[in-house]
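>>> Give me a 3D structure for the following:
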Amino acid sequence: MDLPTQGKILALDLGSVRTGVAVTDALQRVAFARAEITHSSAEELKTKLSKLIEEEGIVGVLIGLPTKLSGEETEQTQKTRALAISLDLKIPMIFVDERLTSEFAASHLQNPSGLSTKQAPHGPVDSRSAQIMLEEWMGKIIKS
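As a prediction, this is how the structure comes out:
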């Protein structure tokens, strides 16, 4: 399924307790990282995302799937896909490869704590990862 070519698209870097969020402008030219969403259950995440979708007028969702560098799926890939499907957000949704987006995001964000990216708070990295996924997706759309 493709996403609409007009209107805001939401990108999610799904996690079990924290989800990175980014949104395009209505013309799908610019992606903006948003504050991460913290949640303790899939139901809480669904409620928060449904509210965001309604308030922002989101027309489609892009979900990052974590895979091995080879592109092979992992247990986490399956958990992420299952969580995304369980959200049942009622708008078009696609999955995209999110390999290395977290590492790229972390390397481009200052880490004032001096901690490694595995120890540092992940919120900005999660939403920056979602923004990178959106930017890559928009680049592919423009080229096609």
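
>>> Okay, buried residues for stretch 21-28 please.
For stretch 21-28, the neighbour count (16 or more other Cβ atoms under 10 Å) marks V21, A22, V23, T24, Q28 as buried. (C-beta placed from N, C-alpha, C; glycine too.)

>>> now, which of the residues you listed sits nearest F95?
Of all those, A22 has the smallest distance to F95: 15.5 Å, by Cβ to Cβ.

>>> which residues touch the closest one?
Taking Cβ atoms under 8 Å, 6 or more residues apart in numbering, we find A22 in contact with L10, A11, A31, F32, A33, R34, S127, R128, A130, Q131, M133, L134.

>>> Let's see which of the buried residues of stretch 21-28 end up in strands.
V21, A22, V23, T24 (DSSP state E).

>>> thought the first one was touching E36?
The one in question is V21. Yes. The pair V21 / E36 is scored as a contact, 6.3 Å apart, by Cβ atoms under 8 Å.

>>> Are there residues contacting both of those two? Which ones?
Residues touching both V21 and E36 (Cβ under 8 Å, 6+ apart) are D126, S127.

>>> Am I right that M138 falls within a helix?
Yes. Counting by DSSP: H, G, I helix; E, B strand; the rest coil, M138 is located in a helix.
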